[in-house]
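Peer 1: Here is my input; please provide its structure:
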Amino acid sequence: MISKENLFQLFTETRAHTEIICAPLEIEDYVVQPVVDVSPPKWHLGHTTWFFEEFVLKKYQKDYKLFDENSAFVFNSYYESVGEKVVRTDRGNLSRPTVAWIYEYRSYVTKAISDLFNNSTNFSEELLNVMEIGCHHEKQHQELLLTDIKYILGNNPLLPSYQDNFKENSIQEFKQEWLTIPEGVYEIGHEGDSFFYDNEIGRHKVYLNQYEISNKLVTNGEYLEFIKDKGYKDVLLWHAEAWDWINTENITAPSYWHFVDGNWKQYTLSGLQDLNLAAPLAHVSYYEAFAFAQWKGMRLPTEFEWEVAQEKFKWGSRWEWTESSYDAYPNYKKADGALGEYNGKFMVNQKVLRGGSVATSANHTRATYRNFFQPHLRWQFTGVRLAK
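Peer 2: Sure, this is the predicted structure:
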């Protein structure tokens, strides 16, 4: 259990870092919502503030006065049990409240939480838990902020830079090897006193056949060979649903790849650059990850294979697609109340990803972290590690 003092430090650092992420933006960038899965940056700022107001201050701060009675309607996301909310697709239509108003809202709630820490003599275990969830919830939105900003700017015809020298393409400067994991019964899931989400427990045993897993992620250069070999044209490599998707959406390369004057370029948070063939592949869907693995005569690891092997390879630069569907672990129980909507209700039609990415905030991911997305999505830093 985190101490009150360490939790307050986590809270203040987390709140500050969100605003650091937004510092390079122009005021116009805060409002744009190109597609339903991308939220305007100013909405992220407001939503992470509303979370603390809704789940902490309204319950634990006596006589707390709302900053504005419409905050919940504007900044709720998917918490159906909390009340009415703005339709997700309409967030980009919100010219009001203004960005300045939202920063005032953030300051108001941050101060109120600070006062709660400083003045409360009854900081219960329940309050500590909710506050810690709130901090990690905001860290999740910090990652979404970066990836949403990349989508917003990367779909601007001018392809503007977000930040010079943003390091998103770290090179794996080590030899590719296949790691052999023997068959056996292994324990899966979180253990210990560090932070975790409810979908990471309860810890349980799984049986795995012997398998091999790569110590390196698939690179841009490897994936380019798949493209040159007409992988996007070979129906036998694709799920039926995936084949419909690539043809309906005219998908011929990873997101942010551009073929310009006979050369491949890649849009990065530092602007349009030559495609770095040695960099880990990013921004591919599960559909593409599966097809590439088929083309290589290999497969994607399950999330259990990934977790058992992860101590033997470096991870954290790309969210790694697995072959596992996002389901509940044995004896899973949703939390009571609205926070029970956080993970459990999404356990259908999604694939698990493991590892974290260059956009994941510090001290947020871990070996048992179970991210999950629908198989066609690729605006996150999603990559591929092969198994066989």
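Peer 1: hang on, G221 packs against L277?
Peer 2: Yes - counting by Cβ atoms under 8 Å, L277 is a contact partner of G221 at 3.4 Å. Yep, even glycine has a C-beta here, placed from its N, CA and C like the rest.
Peer 1: ok, G92 - contacts?
Peer 2: Shown in contact with G92 (Cβ atoms under 8 Å, 6 or more residues apart in numbering): 31-34, 40.
Peer 1: a strand runs through it, doesn't it?
Peer 2: No - using DSSP: H, G, I helix; E, B strand; the rest coil, the secondary structure at G92 is helix, not a strand.
Peer 1: And it, how close does it get to Y256?
Peer 2: Distance of G92 to Y256, given as Cβ to Cβ, to the nearest Å: 21 Å.
Peer 1: K150 too?
Peer 2: Distance, K150 to Y256, by Cβ to Cβ: 8 Å.
Peer 1: Neighbour count for those two, which is higher?
Peer 2: K150 (24 against 20; other Cβ atoms under 10 Å).
Peer 1: Neighbours of G271, how many?
Peer 2: For G271, using other Cβ under 10 Å, the count is 17.
Peer 1: If we ignore the residues flanking it in sequence, what's nearest it?
Peer 2: S161 (3.8 Å; Cβ to Cβ, 6 or more residues apart in numbering).
Peer 1: helices and strands of the protein: which one has the lowest mean pLDDT?
Peer 2: The helix or strand of the chain with the poorest confidence is helix 71-75; it has a mean of 88 (mean pLDDT, DSSP states H and E).
Peer 1: in the protein, which spans are helices?
Peer 2: 4-22, 41-52, 58-60, 71-75, 99-119, 125-154, 220-228, 240-248, 286-295, 303-309 (DSSP state H).
Peer 1: pLDDT of the shortest one, averaged?
Peer 2: Think helix 58-60. Computed over helix 58-60, the mean pLDDT rounds to 93.
Peer 1: Who are the packing partners of that helix?
Peer 2: Taking 3 or more Cβ pairs under 8 Å, 6 or more residues apart in numbering; DSSP states H and E as contact, there are no helices or strands that helix 58-60 lies on.
Peer 1: count of neighbours near the closest residue to Q310 other than its chain neighbours?
Peer 2: With sequence-adjacent residues excluded and distances taken as Cβ to Cβ, 6+ apart, Q310 is closest to A367, at 5.1 Å. Neighbours of A367 under the rule other Cβ under 10 Å: 15.
Peer 1: do V109 as well
Peer 2: 24.
Peer 1: Can you name the residues that contact it?
Peer 2: By Cβ under 8 Å, 6+ apart, the contact set of V109 is 49, 52-53, 57, 67.
Peer 1: got a list of what D327 touches?
Peer 2: M347.
Peer 1: follow-up on the earlier one: ok, and for the least confident helix or strand of the chain, which residues are buried?
Peer 2: 71-72, 74-75 (16 or more other Cβ atoms under 10 Å).
Peer 1: what would the residues you listed look like in JSON lines with distance to S270?
Peer 2: Output for the buried residues of helix 71-75, formatted as JSON lines (distance: Cβ to Cβ, whole Å):
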{"residue": "S71", "distance to S270": "35"}
{"residue": "A72", "distance to S270": "37"}
{"residue": "V74", "distance to S270": "32"}
{"residue": "F75", "distance to S270": "30"}
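Peer 1: So this structure: which segments form each domain?
Peer 2: Using automatic domain parsing, the domain parsing of the chain gives 4-154, 178-383.
Peer 1: Nearest approach to N169 belongs to which of these?
Peer 2: Among those, domain 178-383 comes nearest to N169, with 3.7 Å by Cβ to Cβ.
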